[in-house]
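Participant: Sequence and computational prediction follow.
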Amino acid sequence: MQLILSHRFTLFLCFLLCAASLCSARAGDFRVRLTSQPQTLAWNSATTGSESAIILNVMEGLFESQRDQKLISLLAKKYVWSKDGKTLDIDLRPGVKWADGVPLQAKHFVDSFENLLNPSTNSPNASLLFDLESGKDYFLSKIKNFSQVGVKATSSTHLTLKFHEPRVNFLPALTHWATFPIRKDKPAMTLGPYQITGMNPITLQINPYYYGKKPTIPKVVFQTISDRNLALEAYRKGELEYLLQVEDETQSGVGFAEPLRVVGLLHFNPLRSHTNSAEVRRAIMQNIHTNELVAASPQTRLPAKNLLPMLSQDLMIDQSKKAGKLPDSSLTLGYPNDELSRSVATLIQSSTPKIKIKIEPLSVAAGAAKRYDLILSFFGLDYAEPDQFFSAFFAQGGLDFFDFSNPELVQIIQKARLSSAQEQRLTYYREAADYLQNKLSIVMPLFYRRRAFLLSPKFIHSPGNQGSPQMVKIRTRS
């Protein structure tokens, strides 16, 4: 039996929960602002910050990434790699129960991985597991039997993962919410520090079966307020305790989440007639004034020295590379349909007088990205490993807007994956970044983005967790 968790299923689940438990925020509740309404709470498929903010409070995975990029075990008790780096054995933490008291079992991870890779689910997160034996083939329907994929529950508490090549750097991928376990009999069941008790608005209360330290905040209410001014007004009136995202960084008391993990990117379509030449793409890059984009919001935007903050080494546009003539025709720039992206696209348009740029919201239709000359995107690392970013440029990856493939780039990234030494791995990733920006000239970084937040003075984050969406890491100020 295969489990398909779709957006339609999730909305139906929300309807049932609403009927069972309609609730409203009251004084005494810890009220959190979301900038957009979650479209799904099926963690295999969730992608947005509003969705993950809820999921990370009601679910957990095998590991968690700390601010210093070190991993700690959560649902995993211990793990061991084979000598060839192709097999990972994981023993589960004993005593973990779902919110209905059912014990966690290794097969719940197998069921989750099956759903994540299932072509009918069509999850944008599926590439997380493409390194498993036959994982990508299953997603592409080249094989039909999931038992051929490299994940097995060899006992109720033991999980074995097999890879088609050495992948000793794979553990960070298991911190992503898309790899969290699932119950086939009750797909909406959770096991984190909180459980969902209402959906209008989304309300969380403490899970009595949670194995870890219990939260100090007993009830959390998420309220969707898309308008920034209305959200700030509610916060100033004491009607909200936490704004996970603050668009105006000049507000009194604003804090900044660390580390830097979000980069604004401009992509160049190599398939369009106006941008099919690397020389022309370089000419366009040289006329994008990133300093003006940074200056528009100096506290939340920092100059991008590389495609990823963690690569640190300066990667400037190579002026020695031949640049062609700027196109005479107008270029189309597609941007995600949100306020931030619209403002950045508008500034790119107005600050490049030598290039005619027409901006419009990205169409969500399948394959529609190919009709744009330029695409604006924001990429946020969900875990501290550059491979997540670079793998997204492969086929079916989140940054593969144009069905692009380059054997030399793949070879560089494969070298990084096979390297067990951190600095050597970063050296390869820097080479891959240079290849993308200066040799292929298909993407350039615009700026790094710091996430600003507002937290009521009555509360405080635990050390090292500033801006965390996890309420278990917030406590009442003593």
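Facilitator: Received it, and whenever you're ready, just let me know what you need.
Participant: what are the ranges of the strands in the stretch 301-450 of the chain?
Facilitator: Along the stretch 301-450 of the chain, the stretches classed as strands by DSSP state E, counting those that start in this stretch are 301-302, 331-335, 357-361, 374-380, 443-449.
Participant: actually the stretch 51-200 of the chain, not the one I typed
Facilitator: Taking DSSP E, counting those that start in this stretch, the strands of the stretch 51-200 of the chain run over residues 63-65, 71-73, 76-81, 87-92, 151-155, 158-162, 194-199.
Participant: quick one: low-confidence ranges for the stretch 251-400 of the chain?
Facilitator: Within the stretch 251-400 of the chain, the ranges that satisfy pLDDT under 70 run 251, 259, 316-323, 394-398.
Participant: and residue 137, how many neighbours?
Facilitator: By other Cβ atoms under 10 Å, 17 other residues sit near residue 137. C-beta here means a position set from N, CA and C on the backbone, and glycine is covered the same way.
Participant: That one reaches residue 144, doesn't it?
Facilitator: No: taking contacts as Cβ atoms under 8 Å, residue 137 lies outside contact range of residue 144: 9.9 Å.
Participant: Could you check how far residue 252 is from residue 157?
Facilitator: To residue 157, residue 252 is 50 Å away according to Cβ to Cβ, to the nearest Å.
Participant: now stretch 463-471, how far from the centre of its chain.
Facilitator: 16 Å (Cα atoms, centre = their mean, to the nearest Å).
Participant: how about it: buried residues?
Facilitator: Using 16 or more other Cβ atoms under 10 Å as the test for burial, stretch 463-471 gives 465, 466, 467, 468, 469, 470, 471.
Participant: excluding its backbone neighbours, what's nearest the third one?
Facilitator: Here the nearest residue to residue 467 in space, its sequence neighbours aside, is residue 257; by Cβ to Cβ, 6 or more residues apart in numbering that works out to 2.6 Å.
Participant: need the contact list for the one you found.
Facilitator: Under the criterion of Cβ atoms under 8 Å, 6 or more residues apart in numbering, the neighbours of residue 257 are 450, 451, 452, 453, 466, 467, 468.
Participant: re the thing from before, let's have the buried residues of stretch 463-471 in a markdown table, adding pLDDT, secondary structure and distance to residue 343.
Facilitator: Shown next, in a markdown table, are these (pLDDT from 0 to 100; DSSP: H, G, I helix; E, B strand; the rest coil; distance: Cβ to Cβ, whole Å):
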| residue | pLDDT | secondary structure | distance to residue 343 |
| --- | --- | --- | --- |
| 465 | 85 | coil | 29 |
| 466 | 85 | coil | 25 |
| 467 | 87 | coil | 22 |
| 468 | 88 | coil | 26 |
| 469 | 92 | coil | 24 |
| 470 | 93 | coil | 29 |
| 471 | 95 | helix | 30 |
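Participant: and of these, the nearest to residue 110?
Facilitator: Proximity of the buried residues of stretch 463-471 to residue 110 (Cβ to Cβ) peaks at residue 470, which lies at 26.0 Å.
Participant: which residues touch the closest one?
Facilitator: 56, 57, 193.
Participant: swap in residue 399?
Facilitator: Residue 399 is in contact with 265, 267, 377, 379, 389, 392, 393, 443, counting by Cβ under 8 Å, 6+ apart.
Participant: For the last one, the count of nearby residues, please.
Facilitator: The burial metric for residue 443, expressed as a neighbour count using other Cβ under 10 Å, is 22.
Participant: Distance check, residue 400 against residue 202.
Facilitator: Distance, residue 400 to residue 202, using Cβ to Cβ: 32 Å.
Participant: More neighbours: which of the two?
Facilitator: For residue 400 versus residue 202, neighbours defined as other Cβ under 10 Å are more numerous around residue 202 (27 against 17).
Participant: Let me know the pLDDT of the residue nearest to residue 114 when sequence neighbours are not counted.
Facilitator: In space, residue 114 comes closest to residue 146 once its chain neighbours are excluded; the distance is 4.9 Å by Cβ to Cβ, 6+ apart. Note on residue 146: pLDDT of 98.
Participant: higher neighbour count, residue 252 and residue 157?
Facilitator: More crowded of residue 252 and residue 157, by other Cβ under 10 Å: residue 157, with 17 against 6.
Participant: wait, that one sits on residue 106?
Facilitator: Yes: contact criterion Cβ under 8 Å: residue 157 and residue 106 qualify, at 6.0 Å.
Participant: Could you report the distance from the residue lying closest to residue 125 once chain neighbours are set aside to residue 458?
Facilitator: Distances taken as Cβ to Cβ, 6+ apart put residue 178 closest to residue 125, at 3.6 Å, once the chain neighbours are dropped. Computed as Cβ to Cβ, the residue 178 to residue 458 distance reads 34 Å.
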